[in-house]
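> Quick check, what structure comes out for this input:
(chains A and B)
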Amino acid sequence: GAVVSQHPSWVICKSGTSVKIECRSLDFQATTMFWYRQFPKQSLMLMATSNEGSKATYEQGVEKDKFLINHASLTLSTLTVTSAHPEDSSFYICSATGLAGPSYEQYFGPGTRLTVT
Amino acid sequence: AQRVTQPEKLLSVFKGAPVELKCNYSYSGSPELFWYVQYSRQRLQLLLRHISRESIKGFTADLNKGETSFHLKKPFAQEEDSAMYYCALSRYGSGNTGKLIFGQGTTLQVKP
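Predicted structure coming up:
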């Protein structure tokens, strides 16, 4: 089946620094990738939709200057958390949908645990 | 407004008992409904979608437009069914952006 990877799986950074998280579709071309945030024991909250070659569409309340998303190729999207603060600590999950499999089925990455100290 | 509601945070049953995980939605258009499952320490994965009308791992779900519900059912729970279950909604058909709206999730605990 379609596989989505994320790197790193976990990261610890100091307050004020920036962190980049990669999301890759390993065996299919992802026309659209989604970025979610999940707080402990809570649901997934969609942050943004990323289409290859165009600007990401952010959900209401998500700061686009803080969470920079780049979808430069059909297999890679990146999320950069800029000037991270402790309240940005969370589990970040990406998903991808594309040309493989049933249309619009989303394939999820394993997630990245971000801890800001 | 588009919303998915899973009223139970935790559902605990004994092995062999029937299971019903509730999901209600509000959506003005034509929805596509999904159930996703997340086993311990694993990624989220699709369990089933309403348009497929199939049974996966013994689970079924029927879309009831009158009651705006998409409850997940299994007649006999197994211990390996213990996981977090999420109901999700997307727009159906043309104009589908693929965006998913998730419910809060229900933890299913199947006791031996």
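> ok, A:Thr57 - how many residues close by?
15 (other Cβ atoms under 10 Å in any protein chain shown). C-beta here means a position set from N, CA and C on the backbone, and glycine is covered the same way.
> Give the closest residue to it in space, chain neighbours not counted.
Once flanking residues are discounted, A:Thr57 sits nearest to A:Thr49: 4.6 Å by Cβ to Cβ, 6 or more residues apart in numbering or on different chains.
> how about that neighbour, what does it touch?
A:Thr32, A:Met33, A:Phe34, A:Ala56, A:Thr57, B:Thr97, B:Gly98, B:Lys99 (Cβ atoms under 8 Å, 6 or more residues apart in numbering or on different chains).
> Show me what it bridges to in the sheet.
With DSSP bridges as the criterion, A:Thr49 is bridged to A:Phe34, A:Thr57.
> quick one: pLDDT of it?
pLDDT for A:Thr49: 91.
> Show me the shaky parts of chain B.
B:92-97 (pLDDT under 70).
> Flag every residue of it that's near chain A.
With Cβ under 8 Å from any Cβ of the partner chain as the criterion, chain B meets chain A at residues B:32, B:42-46, B:49, B:86, B:90, B:96-105.
> and if we set it to 10 Å?
Within chain B, the positions near chain A by Cβ under 10 Å from any Cβ of the partner chain are B:4, B:6, B:9, B:32, B:34, B:36, B:38, B:41-46, B:49, B:51-52, B:84, B:86-88, B:90-92, B:96-105, B:107.
> of the residues you listed, buried ones?
Neighbour-count burial (16 or more other Cβ atoms under 10 Å in any protein chain shown) applied to those gives B:4, B:6, B:32, B:34, B:36, B:38, B:43-44, B:46, B:49, B:84, B:86-88, B:90-92, B:98-105, B:107.
> so of the residues you listed, which ones are in strands?
Within these, residues falling in strands by DSSP state E are B:4, B:32, B:34, B:36, B:38, B:46, B:49, B:84, B:86-88, B:90-91, B:101-102, B:107.
> Enumerate the residues of chain A near chain B.
Residues of chain A lying near chain B (Cβ under 10 Å from any Cβ): A:1, A:3-6, A:31-34, A:36, A:38, A:41-46, A:49, A:51, A:57, A:59, A:93, A:95-98, A:101-111.
> now the residues you listed: which count as buried?
The buried subset of the residues of chain A next to chain B (16+ other Cβ under 10 Å) comprises A:4, A:6, A:31-34, A:36, A:38, A:43-46, A:49, A:51, A:93, A:95-98, A:104-109, A:111.
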